[in-house]
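> Predicted model follows, preceded by the sequence.
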Amino acid sequence: MIRRFVLDTSLFVNPHSRKQFGKDSKKAVKGFIKKAKGLNAEFFMPPSIFRELGTFVGSITEDLELIVKKRAPNIYAIYLPAAVFYEFVDDVRIRINKGLRLAEEFTADEKTAVSQKLGKLREKYRDAMRAGLVDSKEDFELVILAKELDAALVSADEGVIKFGNKVGCECVDAKKFGKILSALKKR
């Protein structure tokens, strides 16, 4: 049986994930290619993720195209339960309220210099609004493609994994993917 995997950019750019393949993103892509060659597996990426990866590693993506298939998900044919979106809307509303409270705290703090407050606000706001949430079309495409292909979703992105689990995708922690590839090679 051929195993299928949908790969996220985080596999190659997240420092904790990429180290199993190489020291930096370019070396990680090269290391992945070396490990993936000849396996009884198929690897996919939505075109948007491929482009995103290209901004980190440049023209090396041409070598990656020999191993990883670019495929856009059919976003019009995949069924997702309304409950998933119901929870998503509720989560976004809670996050917006957290962001508002952070902005209010920032405005009320008259003791700290504005430059210090801005950095702190940006960090806290990003955590409140984006951590653990599918926050881009690219992330959404990853999950939908994995669902469509009945493939394992490989990511280090907490929001992608969380959403993938909600819609019934097999999810693989990107930090463990190198070991999975090694196990497939032994078969």
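Right, received. Where do you want to start?
> Checking my notes, Asp135 in a strand, right?
No - counting by DSSP: H, G, I helix; E, B strand; the rest coil, Asp135 falls outside a strand, being coil.
> how about the strands of the protein, start to end?
Applying DSSP state E to the chain gives strands spanning 3-7, 41-45, 68-70, 152-155, 171-173.
> Quick check: mean pLDDT of the fourth one?
Pointing back at strand 152-155 there. In this model, strand 152-155 has a mean pLDDT of 96.
> do the same with the third one
The predicted model assigns strand 68-70 a mean pLDDT of 95.
> List the buried residues of it.
Buried residues in strand 68-70, counted by 16 or more other C-beta atoms under 10 Å: Val68. Where you see a C-beta, it was placed from the backbone N, CA and C, and this is true even at glycine.
> Also stretch 110-129?
117, 121, 124-125, 128.
> where are the low-confidence patches of this structure?
128-133, 187 (pLDDT under 70).
> Using the record, which stretches count as separate domains in it?
Split into domains by automatic domain parsing, the chain comes to 3-77+137-186, 82-130.
> Deepest-packed of those, please.
domain 3-77+137-186 (a mean of 18; mean count of other C-beta atoms under 10 Å).
> what about dumping the CA coordinates of stretch 91-102 to CSV?
What follows is stretch 91-102, C-alpha atoms only, in CSV (Å, rounded to 0.1, in the frame of the first residue of the first chain):
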residue,chain,number,x,y,z
ASP,A,91,-13.0,30.6,18.7
VAL,A,92,-12.5,33.6,16.5
ARG,A,93,-15.0,35.7,18.5
ILE,A,94,-13.2,34.7,21.8
ARG,A,95,-9.8,35.7,20.2
ILE,A,96,-11.1,39.0,19.0
ASN,A,97,-12.3,39.8,22.5
LYS,A,98,-8.9,38.8,23.9
GLY,A,99,-7.2,41.1,21.3
LEU,A,100,-9.5,44.0,22.3
ARG,A,101,-8.7,43.5,26.0
LEU,A,102,-4.9,43.5,25.2
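> closest one to Ala103 among the strands of the chain?
strand 152-155 (30.1 Å; C-beta to C-beta).
> and Lys147, what does it touch?
By C-beta atoms under 8 Å, 6 or more residues apart in numbering, the contact list for Lys147 reads 73, 78, 80, 164, 167-169.
> Cheers, nothing more for now.
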